[in-house]
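> Here is my input, please return the structure:
(2 chains)
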Number of protein chains: 2
Amino acid sequence: MSAVSTKLFHFGISTETFDFCKIFQDIKYVCCGGSQKRIVNLARHLADRFPINKPYGFMPENLCKSDRYVMFKVGPVLCVNHGVGQGSVSIMLNELLKLLKLANCTDVIMIRIGTCGGLGLAKGTVVISDSVVNGLLEEHYEMHILGKIHLKPTKLNKTLGSKLLNIAEELKYAAVIGKTLSVNDFYEEQARVDGALCDFTFEEKINFLNKAYNFGVKNIEMESSCFAAFCCRAGIKAAIICVTLLDRLEGDVLNPNDPFSEWEKRPVEIISRYIEKEYFKISK
Amino acid sequence: MSAVSTKLFHFGISTETFDFCKIFQDIKYVCCGGSQKRIVNLARHLADRFPINKPYGFMPENLCKSDRYVMFKVGPVLCVNHGVGQGSVSIMLNELLKLLKLANCTDVIMIRIGTCGGLGLAKGTVVISDSVVNGLLEEHYEMHILGKIHLKPTKLNKTLGSKLLNIAEELKYAAVIGKTLSVNDFYEEQARVDGALCDFTFEEKINFLNKAYNFGVKNIEMESSCFAAFCCRAGIKAAIICVTLLDRLEGDVLNPNDPFSEWEKRPVEIISRYIEKEYFKISK
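All right, here's what the predicted structure looks like:
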């Protein structure tokens, strides 16, 4: 452990109050997603499911001491939320990687789970990203560092992606691997016409979504660019598993009768099985 | 009220469950900030302070039904949090403007309050933004819409800014008006060398911060680009009031002995007095 105190500002924790090595050194997987509630549920699910030492009547405790993020440790898995949009993801990943370095963690795998809009896919399809394109359909994440543009590659780990796809198929989920379009807005940048401001027509929207579809884009969301670029730069094996809640070629509005909570369990089931197989050596 | 149901997805509310006109039509001010806790505190403060009809023992209730944002109504003021980063702000503003339109609100003023790093200013200085520059020191916000780059102006309302500065001066706060540098990252894009990844030297960092300072930049944060661009496009009178927690020319780490909670009250005190004067006609 470093002699000088290090504070992870947005997690609200520091090396003064936590012995990072002692607490976190056995972390092998980081599972993250946008909403705090989803991560609370993920941590409780993994705690019930994995063969870890957990006394009866206990549940995972939020380790973050700020109101910005939540973080739970479940055996070898750290579950953290990253909020909405690339900027929020960026802060979480910086502080998370500092934590992993301070704790001397090695060979950590990072998986983002989430929901998304699909392109030409049945609703409820699992999309595993193999690379991420920005709103210009370019395969990089743009950063502005010291007044200059930097384009960071957004490739994801192929072997890890294939393993996760195999598990999705074992589970009989509709699942594909492909490009993810990741922007920094839910409305105009995702070609939605139902935001508060919109200067394009319905026809122009459909033309763009078809162009993206023909380019190999399977789904659209707003966190994967930064996530993929950061993990790529840091040399971390990473994957992104999202489930589509609607087909954006068909419309923009969710059907309230669709079984969203069932669909949202699919990425969770995939990572649970993956960690069971790889870490706990449990086959189903 | 519109006959067709409209859902504000990330607020978790819709015209089916809320009569927007009835509830929100008297809104004249929207006050927003990043953290949920800060907005809870703001709403409670305004509720205690303003001469509005509030039965003893009651406090403002969170009107959002999702876990993404919180929103409170205190008389003519809507207090909403916008999360971290431009993408999160963008969603909140789209759904907020849809709400204001559905409620037939007119002449609404929007004010963002927050904390920031200062450039060449004493800690605790109030910075009122007159325009916002991006990480390339350009005065616009870049959006990627339907595969094309759009540069949106980020000018803020001069009259409103001057009024707020006058109030800050009445309150004897150190206060300035100037450019805000707004990026989408807390670490590298803000020229911090203490993130998990950093490819530049301390000297390069200081050179960039000095360049920004000489260009008229007073403070650095990560939400104002999108906020200013959106309000500008929507024709909404808007202002941004941030308080500096440190001088980035002096260092990157907060001094835990500084009175942050006192400083954070300054933007709150300014908007409270402003609304007291303008709306409630109370002079102090």
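> Where does pLDDT dip in chain A?
Counting by pLDDT under 70, chain A shows low-confidence ranges at A:1-3.
> at 50 instead, please
A:1-2 (pLDDT under 50).
> what's the domain layout of it?
Following the TED database, one gets these domains for chain A: A:1-107, A:113-283.
> Next, format those domains as TSV and append mean neighbour count and distance to B:Leu160.
Placement of C-beta: from N, CA and C, glycine included. Shown next, in TSV, are the domains of chain A (neighbours: other Cβ atoms under 10 Å in any protein chain shown; distance: least, Cβ to Cβ, whole Å):
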stretch	mean neighbour count	distance to B:Leu160
domain A:1-107	19	26
domain A:113-283	19	21
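> closest one to B:Asp252 among the ones you listed?
domain A:1-107 (10.1 Å; Cβ to Cβ).
> That closest one: how far from the chain's middle?
For domain A:1-107, the separation from the chain centroid amounts to 14 Å (computed by Cα atoms, centre = their mean, to the nearest Å).
> Over to stretch A:107-126?
If you compare the mean C-alpha spot of stretch A:107-126 with that of the full chain, they lie 8 Å apart, counting by Cα atoms, centre = their mean.
> A:Gly161 reaches A:Val126, doesn't it?
No. Counting by Cβ atoms under 8 Å, A:Gly161 stays clear of A:Val126, with 11.5 Å between them.
> In TSV: the domains of chain A, plus distance to B:Ala196.
Formatted as TSV, the domains of chain A follow (distance: least, Cβ to Cβ, whole Å):
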stretch	distance to B:Ala196
domain A:1-107	3
domain A:113-283	7
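> who wins for proximity to B:Gly251 among the ones you listed?
With Cβ to Cβ as the measure, domain A:1-107 is the member of the domains of chain A nearest B:Gly251 (13.2 Å).
> what does the host helix or strand of A:Tyr213 contact?
Assigned by DSSP states H and E, A:Tyr213 belongs to helix A:202-214. By Cβ atoms under 8 Å, 6 or more residues apart in numbering or on different chains, the surrounding residues in contact with helix A:202-214 are A:119-120, A:137, A:181, A:191-193, A:220, A:248-249, B:146-147.
> So which of these belong to helices?
Among the contacts of helix A:202-214, no member falls in helices (DSSP state H).
> which SS state does the closest residue to A:His10 other than its chain neighbours fall under?
With sequence-adjacent residues excluded and distances taken as Cβ to Cβ, 6 or more residues apart in numbering or on different chains, A:His10 is closest to A:Arg68, at 4.6 Å. Secondary structure of A:Arg68, reduced to three states by DSSP: H, G, I helix; E, B strand; the rest coil: coil.
> residues touching A:Arg68, list them.
If a contact means Cβ under 8 Å, 6+ apart, then A:Arg68 has A:10-12, A:83, A:91, B:35, B:84 as its contacts.
> what do you get if the cut-off is 10 Å, keeping everything else the same?
Contacts were defined as Cβ atoms under 10 Å, 6 or more residues apart in numbering or on different chains; by that measure A:Arg68 touches A:9-12, A:36, A:81, A:83, A:88, A:91-92, A:95, B:34-37, B:83-84.
> how close does A:Val89 get to chain B?
A:Val89 sits at a distance of 8 Å from chain B (criterion: Cβ to the nearest Cβ, to the nearest Å).
> Pretty sure that residue sits against A:Met222.
Yes. Counting by Cβ atoms under 10 Å, A:Val89 sits close enough to A:Met222 to count as a contact (8.9 Å).
> Find residues that contact each of those two.
Listed as contacting both A:Val89 and A:Met222 by Cβ under 10 Å, 6+ apart are A:34, A:182, B:87.
> Look up which residues are beta-bridged to A:Cys242.
As for beta bridges, A:Cys242 partners with A:Gly114, A:Val127 under DSSP bridges.
> Which residue lies nearest the spatial centre of chain A?
A:Arg112 (2.0 Å; Cα atoms, centre = their mean).
> My assumption is that that residue lies in a helix; please confirm.
No. Secondary structure of A:Arg112 (three-state DSSP): strand, not part of a helix.
> right, and it touches A:Ser129 too?
Yes. With contact taken as Cβ under 10 Å, A:Arg112 and A:Ser129 are classed as touching, separated by 8.7 Å.
> Overlap of the contact sets of those two?
Counting by Cβ under 10 Å, 6+ apart, the shared contacts of A:Arg112 and A:Ser129 are A:156, A:221, A:224, A:227-228, A:238-242.
> quick one, helices of the stretch 151-284 of chain A?
For the stretch 151-284 of chain A, the helices defined by DSSP state H, counting those that start in this stretch occupy A:158-170, A:202-214, A:224-234, A:260-278.
> Now A:Phe11. Its backbone dihedrals?
When quoted as degrees, to the nearest 10, the phi and psi of A:Phe11 stand at phi -90, psi -20.
> from what I can see it touches A:His82, true?
No. Contact status for A:Phe11 versus A:His82: not in contact, 11.7 Å apart, counting by Cβ under 10 Å.
> Which neighbours do those two have in common?
Overlap between the neighbourhoods of A:Phe11 and A:His82 consists of A:69, A:91-92, A:96, taking contacts as Cβ under 10 Å, 6+ apart.
> any chance of those in JSON lines, with secondary structure and distance to chain B too?
Shown next, in JSON lines, are the shared contacts of A:Phe11 and A:His82 (DSSP: H, G, I helix; E, B strand; the rest coil; distance: Cβ to the nearest Cβ, whole Å):
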{"residue": "A:Tyr69", "secondary structure": "coil", "distance to chain B": "9"}
{"residue": "A:Ile91", "secondary structure": "helix", "distance to chain B": "5"}
{"residue": "A:Met92", "secondary structure": "helix", "distance to chain B": "9"}
{"residue": "A:Leu96", "secondary structure": "helix", "distance to chain B": "8"}
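> which of those lies closest to B:Pro60?
Of all the shared contacts of A:Phe11 and A:His82, B:Pro60 sits closest to A:Tyr69, with 24.7 Å by Cβ to Cβ.
> Is it possible to get CSV of the helices of the stretch 151-284 of chain A that adds distance to B:Glu264?
What follows is the helices of the stretch 151-284 of chain A, written out as CSV (distance: least, Cβ to Cβ, whole Å):
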stretch, distance to B:Glu264
helix A:158-170, 42
helix A:202-214, 42
helix A:224-234, 28
helix A:260-278, 36
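> A:Val108: which of these is closest?
Closest among those, once you apply Cβ to Cβ, is helix A:224-234, at 9.7 Å.
> and that closest one with chain B, contact?
Yes. Using Cβ under 10 Å from any Cβ of the partner chain, helix A:224-234 reaches chain B at A:226, A:230, A:233-234.
> swap in stretch A:18-29?
No. Judged by Cβ under 10 Å from any Cβ, stretch A:18-29 makes no contact with chain B; its nearest approach is 13.6 Å.
> Would you mind writing the CA trace of that stretch as CSV?
Coordinates of each C-alpha in stretch A:18-29 appear next as CSV, following Å, rounded to 0.1, in the frame of the first residue of the first chain:
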residue,chain,number,x,y,z
PHE,A,18,-9.6,1.5,3.6
ASP,A,19,-6.7,-1.0,3.4
PHE,A,20,-7.1,-1.4,-0.4
CYS,A,21,-4.8,-4.4,-0.6
LYS,A,22,-6.5,-6.3,2.2
ILE,A,23,-10.0,-5.6,0.9
PHE,A,24,-9.8,-5.7,-2.8
GLN,A,25,-6.7,-7.8,-3.8
ASP,A,26,-8.8,-10.8,-4.8
ILE,A,27,-10.9,-8.9,-7.3
LYS,A,28,-10.9,-10.7,-10.7
TYR,A,29,-14.0,-9.3,-12.3
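> Can you give the contact residues for it?
With Cβ under 10 Å, 6+ apart as the criterion, stretch A:18-29 contacts A:1-2, A:6, A:8, A:11, A:13-15, A:46, A:63, A:65, A:73-79, A:96, A:98-111, A:271, A:274-275, A:278-279.
> now, which of these lie within helices?
Using DSSP H, the subset of the contacts of stretch A:18-29 located in helices is A:46, A:96, A:98-102, A:271, A:274-275, A:278.
> and which of the residues you listed is nearest chain B?
In terms of Cβ to the nearest Cβ, no member of these lies closer to chain B than A:Lys98, at 4.9 Å.
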